[in-house]
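Asks: missing the sequence, but the structure's below:
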């Protein structure tokens, strides 16, 4: 099992707009294809205007297959077009269990 942490730094004042657009247009294709959303969070301390997703995958191959399917999905592409101008930076980290 792995967890992917996807972090999106947004232009100041646009986090609520991004979250609303995600709820309306991005949530369905992402959860349909990626599956196990562990959480969708906003920062309160540290670098503000940041939204973080945590996605669970069975392993690296599962993640690669699901991310490729998402990238090819027309509904998700439409969502990405709606939010692209709100983004400053995107980061992704893969977390693996620290103990068996």
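Replies: Yep, that arrived. All values reported here derive from a predicted model rather than from experimental measurement.
Asks: in this structure, where is pLDDT below threshold?
Replies: Scanning the chain for pLDDT under 70 picks out no residues.
Asks: which parts of it are helices?
Replies: Using DSSP state H, the helices assigned to the chain run over residues 15-21, 27-34, 60-71, 74-83.
Asks: can you put those in TSV and add mean neighbour count?
Replies: All C-beta spots, glycine's among them, are computed from the backbone N, C-alpha and C. TSV is the format used below for the helices of the chain (neighbours: other Cβ atoms under 10 Å):
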stretch	mean neighbour count
helix 15-21	15
helix 27-34	16
helix 60-71	14
helix 74-83	14
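Asks: tell me which of those lies nearest to residue 43.
Replies: helix 15-21 (8.9 Å; Cβ to Cβ).
Asks: quick one: contacts of that closest one?
Replies: 8, 10, 40, 42, 49-51, 79, 82-83, 86 (Cβ atoms under 8 Å, 6 or more residues apart in numbering).
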